[in-house]
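J.: Pasting the sequence and the predicted model now:
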Amino acid sequence: MTLKNDALKCDCTVIHQNVIDEVKAYLPQETQLNELASLFKVFGDPTRVKLLSALFKAEMCVCDLAVLLDMTQSSISHQLAVLKQARLVKNRRDGKVVYYSLDDAHIQHIFDQGLLHIAER
């Protein structure tokens, strides 16, 4: 189905101020919207999505993640740093080995909701 440009144009001149006011009160603050957009940008990279998916199942070190995803340890470390900065993963040291895991349970919920949405097609 193709929409003509005219179908997207609003020709009314009536302003529904009550609706505008209600929606404006509901909208998050600008800083929150910017942070949310940044969070979703992190989910925009397939490698980071694969890393998160792997960490849903087990805590893993960089070496194991590199083998799992057939990537260099350097590439994995870079992507984990992005995920850590976004507070999606955390790490813990056990001797010389650093293990990564999800920062909290919300991350899997966000991920699962995305999968449900794309499965609706």
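T.: In hand now; what should we look at?

J.: Please report the distance of Leu80 from Thr31.
T.: As judged by Cβ to Cβ, to the nearest Å, Leu80 and Thr31 stand 26 Å apart. (Each C-beta comes from the backbone N, C-alpha and C, glycine too.)

J.: Settle it for me: which of these two has more neighbours?
T.: Legend: neighbour count by other Cβ atoms under 10 Å for Leu80 and Thr31, higher for Leu80 (21 against 8).

J.: Look up the closest residue to that one, ignoring the ones flanking it.
T.: Nearest residue to Leu80 in three dimensions, chain neighbours excluded: Tyr100, at 5.8 Å (Cβ to Cβ, 6 or more residues apart in numbering).

J.: now that neighbour: how far from Cys63?
T.: Distance from Tyr100 to Cys63, by Cβ to Cβ: 11 Å.

J.: is the residue nearest to Leu80 in a bridge, and if so with what?
T.: Beta-bridge partners of Tyr100, counted by DSSP bridges, are Met60, Asn91.

J.: Next, count neighbours for it.
T.: Other residues near Tyr100 come to 24 when the count uses other Cβ under 10 Å.

J.: Residues in contact with whatever helix or strand Leu51 lives in: which ones?
T.: If you go by DSSP states H and E, Leu51 is part of helix 46-57. Identification of contacts with helix 46-57 by Cβ atoms under 8 Å, 6 or more residues apart in numbering yields 42-43, 60, 65, 68-69, 71, 75-76, 79-80, 82-83, 88-89, 100-102, 107-108, 111.
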